[in-house]
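Peer 1: Give me the fold of what follows.
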Amino acid sequence: MEALKGDRAGQHSIQMGDLEAVHAFASDPVVCRYTTWGPNTLADTRAFLEDAMVGRVGECSLAVVRQDQVIGSAAVWTTSVTDRAGEMGYTIARSHWAQGHATEVAGLLLDLGFSRLGLERLAATCDPENAASARVLEKAGLQHEGRLRGNVLVRGRRRDSLIFGVLRTDLRGEAP
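Peer 2: Have a look, this model is predicted:
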């Protein structure tokens with residue numbers, strides 16, 4: 001897949017050469033506070049990259065790049081071919097928070113999911129305490145749809161998630 005480019009950051013297909021940069025944020029306990037994974041060991045990060053590089057049909061795993069530096073990772077994937085539905089997610093290095101990168105990346109993921117993967121619906125979840133991520137999703141055009149009770153097991157404890165969703169037609173002002 002060719003690189004995607006936004007005003008602040010771009011994305012390229014994730015590769016093993018991204019290991020050091022990805023591990024820098026994937027091992028940061030502050031970055032991982034609201035994730036279902038991490039903080040990563042180097043072996044965890046290497047396994048993540050190996051899995052992300054497999055290139056499954058209907059899945060795109062990307063490195064988020066700013067000025068030739070990897071500052072995050074992002075992915076969009078198909079959850080149902082029949083329903084043309086998918087999910088998306090992103091992680092940005094702490095040193096690049098509050099600069100608009102996550103919102104821009106979310107917009108690029110929406111475009112990728114709707115335009116290139118042919119999806120009709122995209123969803124994303126976040127920890128209920130992660131107000132910044134919830135704001136990013138809403139700024140990108142997703143609507144808060146509810147709370148999933150105890151849907152993930154994080155570090156041995158059940159945790160709720162907020163779910164956000166958007167239809168392709170929502171972003172284009174069309175009727176569903």
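
Peer 1: which residues in the chain form helices?
Peer 2: 19-26, 29-32, 42-52, 101-111, 131-139, 168-172 (DSSP state H).

Peer 1: Give me whichever of the ones you listed is most buried.
Peer 2: Highest mean neighbour count of the helices of the chain: helix 101-111, a mean of 22 (counted as mean count of other C-beta atoms under 10 Å). Where you see a C-beta, it was placed from the backbone N, CA and C, and this is true even at glycine.

Peer 1: Residues in contact with stretch 143-162: which ones?
Peer 2: 35-36, 123, 125-128, 134, 137-138, 163-166, 170 (C-beta atoms under 8 Å, 6 or more residues apart in numbering).

Peer 1: ditto for stretch 21-36
Peer 2: 14, 37-42, 44-45, 48-49, 63, 69-73, 91-94, 126-127, 129-130, 133, 152-154, 159.

Peer 1: Give me the buried subset of these.
Peer 2: When neighbours are counted using 16 or more other C-beta atoms under 10 Å, those contain these buried positions: 14, 38-40, 45, 48-49, 63, 70-73, 91-93, 126-127, 130, 133, 159.

Peer 1: Quick check: strands, which of those are part of them?
Peer 2: Members of those lying in strands (criterion: DSSP state E): A63, V70, I71, G72, S73, T91, I92, C126, R159.

Peer 1: tell me the least confident of those residues?
Peer 2: Lowest-confidence member of those: A63, scoring 89 (pLDDT).

Peer 1: Surely that one is in contact with L19?
Peer 2: No: using C-beta atoms under 8 Å, A63 makes no contact with L19, being 10.4 Å away.

Peer 1: From T125, how far off is V154?
Peer 2: Using C-beta to C-beta, to the nearest Å, V154 is found at 12 Å from T125.
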